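**Student:** no sequence on this one, just coordinates:
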């Protein structure tokens with residue numbers, strides 16, 4: 001029988017593994033458990049923090065604190081005049097991590113790049129279905145299967161991607177977690193041993209920290225990668241102490257049991273700022289929280305019904321109750337800090353009487369529905385249960401009966417992507433690359449139905465606009481197309497847009513070098529503890 005470690009026992013076990021006296025151990029009180037450790041299989045920031053930003057690198061990376069791409073495992077690249085060929089010169093001398101479960105015999109090369117993308121791209125690849133029920137949600141939802149014409153190994157240190165059409169955000173997309181580079185040598189060993197599932201349980205990459213062990217729902221342990229190409233980290237041991245409750249995270253931060261925490265309760269922030277042992281970073285979040293109707297199910301297949309329900313939601317009340325005002329009501333599916341945000345779009349008014357009239361006009365009476373509430377805090381929605389209760393109360397005023405349901409986080413994400421899912425789902429998004437395509441096509445395009453498109457919404461007019469926008473390189477034309485797409489979105493109402501929130505990161509005063517990401521990442525490269 002498995003027993004779950006207590007927090008204290010898990011932390012003790014983690015720190016005891018640090019080995020040398022005086023080794024620095026950094027403890028991050030994370031908000032939830034990862035779904036797995038293969039970034040290509042998932043879209044959750046919780047999973048990306050635990051895998052993509054610790055163990056792995058990508059061809060390009062985002063410069064810390066920005067959405068600008070910089071060289072990563074590719075030290076340079078060339079783009080053909082027609083915009084269809086991208087040739088990457090790979091960084092020489094990059095070492096994979098040596099762990100208790102695998103010792104690499106060679107450096108990173110083109111074979112690893114080919115493997116990392118072909119497994120997501122080719123349905124007949126031996127690694128395409130190595131996780132039962134798994135899907136390459138990002139790769140598929142962003143249209144990569146149709147975008148890529150070929151991936152060629154020119155030589156050991158050169159890889160060429162040829163595209164079927166121009167793709168304006170292509171380089172930014174390659175810096176996203178789903179494009180993390182894995183070791184083909186490690187994959188070959190796992191395949192030969194009949195242990196392919198371990199790729200998602202014992203990750204191995206080129207990143208700043210190497211995986212040591214995972215005690216489910218309790219703690220993840222990492223050790224600094226001694227031969228990291230960008231320099232060994234000042235932190236010797238990194239611990240993710242999994243702590244779903246924001247109040248408990250705060251208690252542990254205050255007690256010095258962890259050094260940094262995500263997603264505090266809004267009501268605690270002023271007290272945190274007044275605590276001399278803590279410091280608090282904040283910035284506008286590149287995010288959106290939404291309620292996604294299943295537009296393929298009656299009566300939510302009717303835009304008038306969706307519009308009526310949207311008009312019944314008091315978004316100001318959600319902002320006040322959940323965020324203590326540290327958020328703003330949302331009208332568009334992209335945040336106002338993002339280029340191409342359409343200021344001219346008018347939000348649906350809060351008008352319960354008109355909402356009830358519209359439902360009756362649509363022939364909808366005695367409606368019962370489910371509203372799904374996330375079990376974890378996310379930057380865009382600190383307390384989904386409370387938001388769901390407020391929506392439940394709002395809908396009751398117009399004669400709609402709501403049952404609130406929830407599931408464990410990984411199950412929630414899996415179930416909510418099902419095209420046959422019932423009701424409406426509270427979810428949200430923090431931008432992964434600073435491009436509107438990452439919201440509009442990734443979350444609402446036809447390619448993403450059954451995946452990141454939780455509304456299961458495939459609207460031809462909208463889809464044509466966002467696909468055309470990603471295939472043109474003219475910024476003004478892209479802006480015009482995205483602005484038009486937002487008008488279509490508002491008219492058809494596949495979501496109730498709830499809010500955009502501030503991103504708040506509290507930490508101990510001895511933490512240095514942590515850079516708050518506009519993309520919502522929690523990455524610890526370059527972080528140190530200084531007394």
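**Tutor:** All right, it came through fine. Nothing here was measured: the structure is a model prediction, and the numbers come from that model.
**Student:** could you measure from residue 339 over to residue 357?
**Tutor:** Remark: distance between residue 339 and residue 357 (Cβ to Cβ, to the nearest Å) = 38 Å. Any C-beta I mention is one placed from the backbone N, CA and C, and that applies to glycine too.
**Student:** ditto for residue 85
**Tutor:** Separation of residue 85 from residue 357 (Cβ to Cβ) stands at 56 Å.
**Student:** do you know the pLDDT at residue 4?
**Tutor:** Looking at residue 4, its pLDDT is 44.
**Student:** ok, how many other residues are close to residue 484?
**Tutor:** Residues within reach of residue 484, counting by other Cβ atoms under 10 Å, total 18.
**Student:** what lies in contact with stretch 358-367?
**Tutor:** Stretch 358-367 has contacts (Cβ atoms under 8 Å, 6 or more residues apart in numbering) with 299, 302, 304, 305, 307, 308, 309, 311, 398, 399, 400, 401.
**Student:** what about 7 Å?
**Tutor:** Outside stretch 358-367, the residues that touch it by Cβ atoms under 7 Å, 6 or more residues apart in numbering are 299, 302, 304, 305, 307, 308, 398, 400.
**Student:** likewise stretch 470-480?
**Tutor:** Contacts of stretch 470-480 (Cβ under 7 Å, 6+ apart): 83, 165, 166, 167, 168, 169, 339, 340, 437, 441, 469.
**Student:** type out the ChimeraX command that picks the buried ones from these.
**Tutor:** Here is the ChimeraX command that picks out the buried ones among the contacts of stretch 470-480, judged by 16 or more other Cβ atoms under 10 Å:
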select :167,168,169,340,437,441,469
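**Student:** JSON lines for the contacts of stretch 470-480, including pLDDT and secondary structure?
**Tutor:** JSON lines is the format used below for the contacts of stretch 470-480 (pLDDT from 0 to 100; DSSP: H, G, I helix; E, B strand; the rest coil):
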{"residue": "83", "pLDDT": "96", "secondary structure": "coil"}
{"residue": "165", "pLDDT": "96", "secondary structure": "coil"}
{"residue": "166", "pLDDT": "95", "secondary structure": "coil"}
{"residue": "167", "pLDDT": "95", "secondary structure": "coil"}
{"residue": "168", "pLDDT": "93", "secondary structure": "coil"}
{"residue": "169", "pLDDT": "94", "secondary structure": "coil"}
{"residue": "339", "pLDDT": "94", "secondary structure": "coil"}
{"residue": "340", "pLDDT": "96", "secondary structure": "coil"}
{"residue": "437", "pLDDT": "95", "secondary structure": "helix"}
{"residue": "441", "pLDDT": "95", "secondary structure": "helix"}
{"residue": "469", "pLDDT": "96", "secondary structure": "helix"}
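**Student:** check the contacts of stretch 470-480 and tell me the two furthest apart.
**Tutor:** With Cβ to Cβ as the measure, no two of the contacts of stretch 470-480 lie farther apart than 165 and 339, at 22.1 Å.
**Student:** from the contacts of stretch 470-480, which is closest to residue 507?
**Tutor:** Using Cβ to Cβ, residue 339 comes nearest to residue 507 of the contacts of stretch 470-480, at 30.2 Å.
**Student:** what sits against that closest one?
**Tutor:** Taking Cβ under 7 Å, 6+ apart, we find residue 339 in contact with 436, 479.
**Student:** show me where the stretch 151-300 of the chain has strands.
**Tutor:** Ranges of strands in the stretch 151-300 of the chain, per DSSP state E, counting those that start in this stretch, are 158-163, 209-215, 219-224, 237-241, 278-284, 287-293.
**Student:** ok, now which ones touch the residue lying closest to residue 61 once chain neighbours are set aside?
**Tutor:** Nearest residue to residue 61 in three dimensions, chain neighbours excluded: residue 72, at 4.0 Å (Cβ to Cβ, 6 or more residues apart in numbering). The contact partners of residue 72, by Cβ under 7 Å, 6+ apart, come to 57, 58, 59, 60, 61.
**Student:** can you pull the phi/psi pair for residue 72?
**Tutor:** Dihedral angles of residue 72 (phi, psi; degrees, to the nearest 10) stand at phi -120, psi -110.
**Student:** that one and residue 116, how far apart?
**Tutor:** Distance from residue 72 to residue 116, by Cβ to Cβ: 13 Å.
**Student:** just to revisit the earlier point, put together JSON lines for the contacts of stretch 358-367, with secondary structure on each row.
**Tutor:** JSON lines is the format used below for the contacts of stretch 358-367 (DSSP: H, G, I helix; E, B strand; the rest coil):
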{"residue": "299", "secondary structure": "coil"}
{"residue": "302", "secondary structure": "coil"}
{"residue": "304", "secondary structure": "helix"}
{"residue": "305", "secondary structure": "helix"}
{"residue": "307", "secondary structure": "helix"}
{"residue": "308", "secondary structure": "helix"}
{"residue": "398", "secondary structure": "coil"}
{"residue": "400", "secondary structure": "coil"}
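**Student:** ok, of those residues, which come out buried?
**Tutor:** If we count by 16+ other Cβ under 10 Å, the contacts of stretch 358-367 have these buried: 299, 302, 305, 307, 308, 398, 400.
**Student:** find the helix or strand that residue 392 is a member of.
**Tutor:** helix 384-397 (DSSP states H and E).
**Student:** quick one: average pLDDT of that helix?
**Tutor:** The average pLDDT for helix 384-397 rounds to 98.
**Student:** mind listing what's buried in the longest helix along the chain?
**Tutor:** The helix that spans the most residues within the chain, counting by DSSP state H, is helix 475-492. Buried residues in helix 475-492, counting neighbours by 16+ other Cβ under 10 Å, are found at 478-479, 481-490, 492.
**Student:** helix or strand right after it?
**Tutor:** According to DSSP H and E, the helix or strand after helix 475-492 is strand 495-508.
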